[in-house]
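Asks: model this:
(2 chains)
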Amino acid sequence: MNQILRPIGLLAELTHRCPLQCPYCSNPVDLDRKSGELDTETWKRVFGEAAELGVLQIHLSGGEPTARPDLAELVAHCREVNLYTNLITSGVLLDQPALERLYDAGLDHIQLSIQDIDEANADRIGGYRGGHAKKLDLARRVVTLGLPLTVNWVVHRQNIHNLARMIDLAVEMGAKRVEIAHTQYYGWAFKNRRALMPTYRQTLDAIALVEEARKRLEGVIVIDSVVPDYYARFPKACVGGWGRRAINITPQGRVLPCHAAETIPGLVFDNVRDKPLADIWLNSQAFNAFRGTDWMPDLCRSCDRREVDWGGCRCQAMAIAGSASATDPACSLSPFNATLRAMAEEDSAAEPDQFRYRRFGG
Amino acid sequence: MGALDPQAVPRLPRGVRLSHDQARDRWLLLAPERIFEPNEVALAVLRLVDGERSLQAICEELGRSYNADPALIMADVVELLGGLVQKRLIET
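Replies: Next comes the predicted model:
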């Protein structure tokens, strides 16, 4: 067993409720209901335990985290225990008093997702009429208040043609950072592959465009990009390596190594209601299942990149190769890489499907 | 983006915090989705970035602490903080 590091980031899915229905939502297809959500005191305890364990940044996410009336109280608590708070929001529920409460509570950063630059298309993708206008309004208010803003664009075949203008708009808004997040095909996005998958050509063009913009806009805006791994040569170091840096907690308190980990059969997830977070981090079966390099197939274990990409994504190995301990099929050395590429090419060439919107009950 | 002026007053903007990582006993610069570990020199400079001291004042302070000529320190401080301005971690 390799040495267990202390975690750095914790993604808190405070609720799975959300007014938007984005067809690439990172939440599981089987969503947690409101009735089982952790209460305020439990989240506070968990954040305190996270800080002691070494977590530095809390990502307050969902669903839509601002649907929780106790959000400002949770932010204030994080601040008290010296955690950096990042709010990941769709922005449509944050009126001015609610925004100011978060500011006063000590919120460090807001990441706002926007679906497209074209209003009608943005509202169609999010499945929420009037959402785009509300997002633009919130962005203005965030910058005016003096909170640092990141704009997050999830990119796919139905908006990738607007990529250059997405970056421009983020600059015009006064965002200090912009995220170009190519859709990751798990859960909802996996169901919607035919509606979302860009072509190889579109993907290459998008990567080149981002590289050019990053150079041109240095000192103006920070551009981060989440790579489209279906067309990559090597897999991404998913969550920085399983059980190395990141913790994900569901609305009902299950502690996961990554947000999609529940798609892997045979893993046992502990709950913060039952055990201290440090105990779960160190000892839970799910966290130890793919920690380090011992679990790897020979192809990965003998590879120079074994501690660069940590074998890539376990959930993608499960979904495509049928085994969570296989090499990530996004790796060009995987025997399933051709399958993955063929799927991507077929999906991107097909007539786009209707969206299957993210809803309770699938 | 020109070089920093000695009279400029650098500050950490909202969302960027110099923070002690107690679990690992080290100082870190926490920023949106990013974490930086300053080296000893950078840390000495960052601890003087309070939104009140000018670059000049920071160099004079460092000169006293390290018994060095502030004019010699200035070039290093300008380079360090200039790099952080480019990364949007420092504002003036």
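
Asks: A:Glu52 versus the residue with the largest distance to the centre of chain B, what's the distance?
Replies: Here chain B reaches farthest from its C-alpha mean at B:Ala23, the gap being 23.4 Å by CA atoms, centre = their mean. From B:Ala23 across to A:Glu52, the span is 7 Å (CB to CB, to the nearest Å). C-betas here are computed from N, CA, C, even on glycine.

Asks: In contact with the nearest residue to the residue farthest from the centre of chain B once chain neighbours are set aside, which residues?
Replies: Distances taken as CB to CB, 6 or more residues apart in numbering or on different chains put A:Gly54 closest to B:Ala23, at 3.5 Å, once the chain neighbours are dropped. By CB atoms under 8 Å, 6 or more residues apart in numbering or on different chains, A:Gly54 lies in contact with A:6-8, B:21, B:23-24.

Asks: Let me have those residues in TSV, extended by distance to A:Ala321, secondary structure and pLDDT.
Replies: Listed next are the contacts of A:Gly54 as TSV, based on distance: CB to CB, whole Å; DSSP: H, G, I helix; E, B strand; the rest coil; pLDDT from 0 to 100:
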residue	distance to A:Ala321	secondary structure	pLDDT
A:Arg6	31	coil	97
A:Pro7	27	coil	98
A:Ile8	29	coil	97
B:Asp21	38	strand	96
B:Ala23	36	coil	95
B:Arg24	36	coil	95
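
Asks: List just the nearest of these to B:Ala71.
Replies: Using CB to CB, B:Asp21 is the member of the contacts of A:Gly54 that lies nearest B:Ala71, at 34.0 Å.

Asks: Show me what that closest one is bridged to.
Replies: For B:Asp21, the beta-bridge partners under DSSP bridges are B:Arg26.

Asks: can you pull out the strands in the stretch 201-350 of chain A?
Replies: Listed in chain order, the strands found in the stretch 201-350 of chain A under DSSP state E, counting those that start in this stretch are A:222-226, A:246-249, A:255-256.

Asks: Extract the CA atoms of the first one and return them as PDB.
Replies: The C-alpha coordinates for strand A:222-226 follow below in PDB (Å, rounded to 0.1, in the frame of the first residue of the first chain):
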ATOM      1  CA  VAL A 222      -7.100  32.700 -16.200                       C
ATOM      2  CA  ILE A 223      -8.300  29.900 -18.600                       C
ATOM      3  CA  ASP A 224      -8.600  26.400 -17.300                       C
ATOM      4  CA  SER A 225      -9.700  23.600 -19.500                       C
ATOM      5  CA  VAL A 226     -11.100  20.200 -18.800                       C
END
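
Asks: Which residues of chain B lie near chain A?
Replies: Listed as neighbours of chain A in chain B under the rule CB under 8 Å from any CB of the partner chain: B:1, B:13-17, B:19-24, B:28, B:30, B:32-33, B:35, B:85-88.

Asks: In strands only, show me these.
Replies: Applying DSSP state E to the residues of chain B next to chain A, the entries found in strands are B:17, B:19-21, B:28, B:30, B:35.

Asks: contacting residues around the most centrally placed residue in chain B?
Replies: Taking CA atoms, centre = their mean, the centroid of chain B lies closest to B:Leu46, which sits 3.2 Å from it. Taking CB under 8 Å, 6+ apart, we find B:Leu46 in contact with B:12, B:18, B:29, B:38.
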